[in-house]
Structure formats: structure tokens, C-alpha cells
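> Have a look; sequence and predicted model below, questions after that.
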Amino acid sequence: MSDMIQIRDVSKVYRRGKQQVEVLHHINLDVESGDFLALMGPSGSGKTTLLNLIGGLDAPSSGSITVGGERIDRLGAGALARWRAAYVGFIFQFYNLMPTLSAQKNVELPLLLTKLGRAQRRKNAAIALQLVGLADRAAHKPGELSGGQQQRVAIARAIVSDPELLVCDEPTGDLDRQSAEEVLALLELLNREHGKTIVMVTHDPKAAEHAKHILHLDKGTLVEQVESDPARAEAARA
Amino acid sequence: MKYLHLIRAALFRRKGRTFLTLISIMAAFLLFGMLNGVRQSFADAGKSAVGATRLQTTSRLSFIQPLPMSLAARIEQVDGVEEVTWANWFGGAYQEPSNQIFTFAVPPNYLDIYTEANVDQAARERFAATRTGLLVGKTLAERYQWKVGEQIPLLSNIFPNADGSKVWTFDIVGIMDTDDSFMSQTALLHWKYFDESNPYNQGQVGWYVSRIGDVEAADRIARDIDTISANSSHETKTQTEAAVTANWIKQTADITLITSSIMGAVFFTLLLLTGNTMAQAVRERTAELAVLKTIGFRDVPVLMMVLAESVSLILIGGVIGLGIVAVLGPVVDAMSGGIVNLPPVGWSSWALGIAIMVLIGLVVGAPPALRAMRLNVVDALAGR
């Protein structure tokens, strides 16, 4: 399988007043297309920073990042926004849905950036909601849904424009165990059946077990790479 | 257009706050509608197409100084003058001195020059034939429920009649069915009755009005009229009707300055109020805006959405406010029987009002819109 993500010698330095803080230190990483990677590590280890770089939300201080054959570290803000709209779906810990819009309208949001007409947007959003098992909640606003349902709406929003890559920042961090398992099962389904490449940041070892690979970060450096399920990893490589 | 539901959702995210802000905006533009109508009415006074063909000749010393009647024939001789009439202030009041009525003593040919009085032929003939005849404006007649054929007393605050009393009796001979708001509240009495009855004014007039054929020649004709009385004891000053009205208004009060000052204060307050509302509304939505940018909305559309939200807020409130004045103005006028006269909201008021709404919307929307545009997604998502 070809590499979906290639990270070469990437460092990220933040300025905090007069101080410079190196959050990521010369990272090298390859993620194959169709992989499901869990990024773990203690707070402040640089997991979310690495995820933001992969998702094109932030730029590295040095090094190169290639996603789907595109050198995203070279893209300007406008081009990067267009690239994100086309290739990446985002899932956050706190769902980040628009509270004044219905589930249907929330899912339609990424499609507003496409040339699709209103009817097609509605149809695609309905399909995405059906995929996450919430077709009957389309007219509900986020405040009328449980946490697990809101996260499933957020997943529908992330996949509605059919991106190749899903980046998930603690997607189960705000959910009870049962809801978390439902969300993780859904992510597994998207990875297995629909071929989505998933990079997920998590603190939860149980959540990480759903990934094909687990990567540990500590103080901005990759420390080990674990295959969570050797049989599945083998199957994925085959 | 496809972002319209996002703008609407943002606008009514906090309904209570939006509702209160809309009421403030409505109140501001309600005031604007009324004040701008007053300002426009004063600015337009005497600027009618008919008014441009009329020159008014008064004493150079003061407009209350009378002029000799003999001047009429000489003014008529001036090249370009088609017809000459005259008038005198009567200063009438009905029943109570506080019920002041714009009353002028005029000869019958006054109606040839002031055609906007719109008096039918039968009424004109009655006015010419009746010494005590009185023509009353439509609004005035409605206010006091006067009918043709009715006899009414008017109190002059200046002139006594032949009996020495200041109460004059008139016979209403016609109604001036006019759209001119001033003339509609005016009464015209027969010159002969006025001139022969009062002991002060015989053989003199308050001012002359000349109808001219060529508006372009107005300056030259005015100079020629004033030349007739040059170096005499009754030197004259001839001006177009618009200039006379403008001078008169200026002597009374600078309406434009007064109305502009009030509107300026109101809009400045509105600017602060809506500016604060918008800043608060956008600050509350920082995470939502960050999500929009995360999923691919670029900086300029985000900026435009916040600006559109701000402009929409002002436009909704402003149009409702102006609309209330436009709709209720005629209703209040009608219900008051002409006592209250709210100027209509004309197209110029609408155009100026909408331009102000858009401008205020852009000004108050610009700071939060720029903030939204420059939002750092990573910091905003992390709650920093």
C-alpha cells in the first residue's frame, strides 16, 4: 500500500513570550493509506500538535509533510483551507457542532464549500446521517441529542464530503464507555469498509486498541510503535 | 445565498439580546424617519416647479414694511413679467388666539399664479364676487369641520376692521383641494374687504408676487424690478420663492443643524450599542468560527458572513423603524384631523436611511469580522 502521510524531520517550535518551546522534535513518520493509527502519550507530549500538522491546521517550523501526495507545508492559508475541505474530515473531543443548526444542517456544512446544489447537499447529508445511525434525528438540534449522538453527527459531518483522511482528537474523551464503544466501532467501520485513513489522538488505551497501530509520543519525540492487533495489521499489510 | 441560513442562525442565536437590539435600532430609525422628513420638508419648501416661476418682491428694509400699491402697474411693465399679484399677512386665529391660521389677504388673480391652490371655477367666481369671501385649505376645513356656505369669525392679531374690532366675519366660499401641505392649512381672504376695512393698510401691500415666463431670466427680471424703486423711500428686494423661504427658515432656526445634531447623537449611541452586541456575539462563537475554518471555510467568506450578520441586524431594525413612520405617519395625520402633520417618508429618506444602515452595519461589523478572519484555528480550538 502507498503512504497516505509522509512526515520528514518535522519540528514545531512555539513562542511563549520571549521563550521558545520545541513541542515536536525531528519527527519522521509514514502512515499507509487505509491505516488506523492511534497517537498516545502524556499531556504536553505533542500529540495534538502532530495531529494539527497532519490535518493542515498548523504549519511545521521545519521539515516536510506530505499528505495524499500534496506537500501541505508549502501551501498558503487559502490553498490549505481548500485542501482541508477536500481531503480531511475532523472529529473533536467536544463535537463542536453549531448549536443553532439541526443535525442535518450541521452535516451539510462542509458541502457548502462544494458546487453541489441544495437538493444534493440534503441527500448526501441524509446518507451520512444514515451511515452513523441517526437518520431519525436529522431535524434535532445538538442540544436535543446525547453526547454519543452528537459525536456521531460530528462523524457524519466529517465524512459527508468523502475525505480520504479522518483526524480525530480525543473522539471518546467526553463520552461514557458504551457511547465511546459505539463511536469507536463506527470509526473502525469507516476504516475497514470505506477505506478511510484515520489518525486518532487518545489518552484511553481501550480506545487505542481499536486502531491498527499505536504510536507513543513523549516530549515531542516518537518513542515506540506498537501494533495493537498483529493479525489485523498483517491483514492490512497484505 | 447558500450561507444565508448560517447568518440567520447566528443572528438569532440569542433571541432576547437580538430582540432588544432590534428595538433600539427600530427606535433610532423611527426618529430618523420623522426628523429627516422634517428636514426634507424645510429644505424643499418653495422649491416646487411652479415656485421657480414666481418672484417675490418685499421691502428691502424688512418684510413687514408695506409697499405702495402703485408699484403693481410698474412691475407689470418689466420685460419677462407675465402677471403680478400681491398679498398681505392677516394673522388669523379661530375661536382661541392659540388656534393660529396662516391667513393672507389676496386679490382674485392670486389664484392664477398659485395654481397649486386647486380651486374649482365655481369657487373662484364666488370668491371674486363675495367681498367677505374666504377660501380655506382642505386640511384646515377638515380640522374645524368647516363647510362651504358657513359663516365664521376670525380674530386678527394685527388688524382691526371698520368697526374697530379685531374680530372679522367671513363667508366660506370654497375649499382649496390642494396637495401642498402649507396651502392646505391656509385661508385666503378677499383683498378688497381687507384693504377697505382696516385703517392701517389702505393703498399698500405686504409683498408682490410676479409670474415669469423664463426661469433662466429670473435674476435679470429681479434686478429690473428692484431698479424701479432704487433710491426711493420704498426700495425693494426681489428673490425667487425658494430663496425667500430659505431666508425665512434661516431666520427662524437652522433646522438642518438641529435635526442633524439629534440624528448624529442617536446614531453614535446606536453605533456603540450594536458594536458591543456584535463584538459579544462573535466572541461567544469563537469555537464555532474556528470549526468553520477547520473544515475549509476561507478567511474572506468568514469575514463576509460576520459583516453580513451585522448589516442584516441593522437593516432589519432600520427598515421596520422607517416602515413604521411611513405607515403610521398618514394614519396619525388623518386621525388628528390635520392638527399633527408628520412629513411623509419619501424615497430620499429611504435611500439615505438604507445607506446609513449599511454604513453603521459595516462599521460595527468590521472589528469582529476582522477578528473572526484572523482567528488562529489551533488557539481557538484549544480555547486560548
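Cool, got the structure. Residues are numbered from 1 along each chain as shown, chains lettered A, B, ... in the order given.

> Return the list of helices and strands in contact with the helix or strand hosting B:Ile262.
Applying DSSP states H and E as the criterion places B:Ile262 in helix B:255-284. Contacting helix B:255-284 under the criterion 3 or more CB pairs under 8 Å, 6 or more residues apart in numbering or on different chains; DSSP states H and E are the following elements: helix B:15-44, helix B:299-335, helix B:347-373. Using the backbone N, CA and C atoms, a C-beta is placed for each residue, glycine as well.

> the inter-axis angle of it versus helix B:15-44?
Calculated by axes from the mean of the first three to the mean of the last three CA atoms, to 10 degrees, helix B:255-284 forms an angle of 160 degrees with helix B:15-44.

> Now do the helices in chain A.
A:47-54, A:77-87, A:103-108, A:118-131, A:147-159, A:177-194, A:205-208, A:230-237 (DSSP state H).

> Any chance of a markdown table for those, columns distance to B:Phe170?
Below are those laid out as a markdown table (distance: least, CB to CB, whole Å):
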| stretch | distance to B:Phe170 |
| --- | --- |
| helix A:47-54 | 90 |
| helix A:77-87 | 80 |
| helix A:103-108 | 72 |
| helix A:118-131 | 71 |
| helix A:147-159 | 81 |
| helix A:177-194 | 91 |
| helix A:205-208 | 98 |
| helix A:230-237 | 107 |
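
> Can you lay out the ones you listed as CSV showing mean neighbour count, distance to chain B and mean pLDDT?
As requested, the helices of chain A are exported to CSV (neighbours: other CB atoms under 10 Å in any protein chain shown; distance: least, CB to the nearest CB, whole Å; pLDDT from 0 to 100):
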stretch, mean neighbour count, distance to chain B, mean pLDDT
helix A:47-54, 24, 5, 94
helix A:77-87, 18, 3, 93
helix A:103-108, 25, 7, 95
helix A:118-131, 17, 7, 94
helix A:147-159, 25, 8, 93
helix A:177-194, 17, 17, 91
helix A:205-208, 17, 20, 91
helix A:230-237, 13, 28, 49
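
> Sketch out the low-pLDDT regions of the stretch 201-350 of chain B for me.
Low-confidence segments of the stretch 201-350 of chain B (pLDDT under 70): B:248-253, B:333-342.

> For it, which residues are neighbours of chain A?
Where the stretch 201-350 of chain B comes near chain A, counting by CB under 8 Å from any CB of the partner chain, the residues are B:287-288, B:290-299.

> So which of the helices of chain A is nearest B:Met26?
In terms of CB to CB, the element of the helices of chain A nearest to B:Met26 is helix A:103-108, at 29.1 Å.

> Which residue, other than its chain neighbours, is closest to residue 137?
All of this is about chain A. Nearest residue to A:Arg137, sequence neighbours excluded (CB to CB, 6 or more residues apart in numbering or on different chains): A:Ala103, at 5.4 Å.

> meant chain B actually
Here the residue nearest B:Gly137, using CB to CB, 6+ apart, is B:Ser184, at 4.1 Å.

> Before we go further, the one you found is sitting in a helix, right?
Yes - looking at B:Ser184 with DSSP: H, G, I helix; E, B strand; the rest coil, it is inside a helix.

> ok, B:Arg124 touching B:Gly174?
Yes - contact criterion CB atoms under 8 Å: B:Arg124 and B:Gly174 qualify, at 7.2 Å.

> Looking at the two, which has the bigger crowd around it?
With neighbours defined as other CB atoms under 10 Å in any protein chain shown, B:Arg124 and B:Gly174 compare such that B:Gly174 has more, 24 against 17.

> element containing that one?
strand B:167-176.

> Identify the residues contacting stretch B:2-20?
A:98-101, A:105, A:112, A:118, B:277, B:280-281, B:284-285, B:301, B:305, B:308-309, B:312-313 (CB atoms under 8 Å, 6 or more residues apart in numbering or on different chains).

> ditto for stretch B:34-41
B:181, B:255-256, B:259-260, B:262-263, B:325, B:329, B:342-346, B:348-349, B:352-353.

> Nearest spatial neighbour of whichever residue of the stretch 251-384 of chain B sits closest to chain A, chain-adjacent residues omitted?
At 2.6 Å from chain A, B:Gly296 is the closest residue in the stretch 251-384 of chain B, using CB to the nearest CB. Spatial nearest neighbour of B:Gly296, excluding adjacent residues (CB to CB, 6+ apart): A:Ala85 at 2.6 Å.

> from memory the one you found sits against A:Lys115, does it?
No - assessed by CB under 8 Å, A:Ala85 is found out of contact with A:Lys115, at 11.8 Å.

> Buried ones in stretch B:122-138, by neighbour count?
B:123-124, B:126-127, B:130, B:132-138 (16 or more other CB atoms under 10 Å in any protein chain shown).

> Need the mean per-residue confidence for it.
For stretch B:122-138, mean pLDDT is 94.

> Let me see the contact set for the residue positioned nearest the centre of chain A.
Centroid-nearest residue in chain A, with CA atoms, centre = their mean: A:Val167, separated by 1.0 Å. Contacts here follow CB under 8 Å, 6+ apart; on that basis A:Val167 touches A:51, A:54-55, A:88-91, A:198-200.

> With distance to A:Lys123 added, can I get those in a markdown table?
Below are the contacts of A:Val167 laid out as a markdown table (distance: CB to CB, whole Å):
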| residue | distance to A:Lys123 |
| --- | --- |
| A:Leu51 | 31 |
| A:Ile54 | 30 |
| A:Gly55 | 27 |
| A:Val88 | 22 |
| A:Gly89 | 18 |
| A:Phe90 | 22 |
| A:Ile91 | 22 |
| A:Ile198 | 25 |
| A:Val199 | 29 |
| A:Met200 | 29 |
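
> Closest one of those to chain B?
A:Phe90 (5.3 Å).

> how far away is the nearest residue to that closest one once chain neighbours are set aside from B:Leu61?
Leaving aside its sequence neighbours, A:Phe90 sits nearest to B:Thr294 (CB to CB, 6+ apart; 5.3 Å). Going from B:Thr294 to B:Leu61 by CB to CB, to the nearest Å gives 80 Å.

> And the furthest pair within the buried residues of stretch B:122-138?
With CB to CB as the measure, no two of the buried residues of stretch B:122-138 lie farther apart than B:Thr132 and B:Lys138, at 21.0 Å.

> That'll do, ta.
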